[in-house]
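Asks: Model the following, please.
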Amino acid sequence: MSSESPVPQPENQSGGSLRISKKTTPPPQRVDTYRNAHIETATPERLLVMLYDSALKYLNLAAQALEAKEREGVHRNLLKVQAILLELMSVLNMEVGGDMAQQLYDLYDYMYRQLIAANTQQKGENIQEVIELLTPLRTAWQEAADTVAHLRAEGKFEHQHPGVRNFAG
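Replies: Sure, this is the predicted structure:
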């Protein structure tokens, strides 16, 4: 039995107790469900932009962790970016993309190696270089995705099923 007295509840104008609700966040499973639905229904070009967005987010988090001298945060975030780069490399269609796809592959591979160096040597310059390389690519893919979405809306672009991955570059 507690010796504490009950906390009085404020009354509202009608004489009843006034409940103060705390702002709650949705349960993690709802957020995951929403995120998964968003990914599963995205077009291939939107998925690509989402990968770039995530890579840039984790690069910035890694840079912040490096400034704060949080080696584990640097390591964790750079590994996420490396996984994204490997995914970008794996979906390139060399037959369709030709030289462009090979050049993108080589660029992704270079960035991947820069992140290994950044991680092992704790070098912010390498992280910044990858950010500077990915940012214009992300912008270009966003513009391409917007153009494709516009053409699809006008019925001028062949329909592809959301979630199908077959990138030429």
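
Asks: Against which helices or strands is the helix ranked longest in the chain packed?
Replies: Counting by DSSP state H, the longest helix found in the chain is helix 124-153. Judged by 3 or more CB pairs under 8 Å, 6 or more residues apart in numbering; DSSP states H and E, the packing partners of helix 124-153 are helix 44-67, helix 94-121. Placement of C-beta: from N, CA and C, glycine included.

Asks: Now the element after the first one, going C-ward?
Replies: Next in sequence after helix 44-67, counting helices and strands by DSSP states H and E, comes helix 71-90.

Asks: returning to that earlier point: figure out which of the helices and strands packed on helix 124-153 is closest to residue 128.
Replies: helix 44-67 (7.0 Å; CB to CB).

Asks: average pLDDT across that closest one?
Replies: Per-region confidence: helix 44-67 scores 96 on mean pLDDT.

Asks: If we go by neighbour counts, what in it is buried?
Replies: For helix 44-67, a neighbour-count test (16 or more other CB atoms under 10 Å) marks 44-52, 55-56, 58-59, 61-63, 65-66 as buried.

Asks: Just the angle for it relative to helix 94-121, thanks.
Replies: For helix 44-67 against helix 94-121, the angle by axes from the mean of the first three to the mean of the last three CA atoms, to 10 degrees is 10 degrees.

Asks: Show me what helix 44-67 packs onto, helices and strands only.
Replies: Helices and strands touching helix 44-67, by 3+ CB pairs under 8 Å, 6+ apart, are helix 71-90, helix 124-153.

Asks: Could I get the CA-only coordinates of the shortest one as CSV?
Replies: Output for helix 71-90, consisting of C-alpha atoms alone and laid out as CSV, is shown next (Å, rounded to 0.1, in the frame of the first residue of the first chain):
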residue,chain,number,x,y,z
ARG,A,71,32.8,5.0,-34.5
GLU,A,72,30.0,2.5,-34.2
GLY,A,73,27.5,5.0,-35.7
VAL,A,74,29.9,5.7,-38.5
HIS,A,75,30.4,2.0,-39.1
ARG,A,76,26.7,1.1,-39.0
ASN,A,77,25.6,3.8,-41.3
LEU,A,78,28.4,3.3,-43.9
LEU,A,79,27.5,-0.4,-44.0
LYS,A,80,24.0,0.5,-44.9
VAL,A,81,25.2,2.7,-47.7
GLN,A,82,27.5,0.0,-48.9
ALA,A,83,24.6,-2.4,-49.0
ILE,A,84,22.6,0.1,-51.1
LEU,A,85,25.5,0.5,-53.5
LEU,A,86,25.7,-3.3,-53.9
GLU,A,87,22.0,-3.3,-54.7
LEU,A,88,22.4,-0.5,-57.2
MET,A,89,25.2,-2.5,-58.8
SER,A,90,23.2,-5.7,-58.9
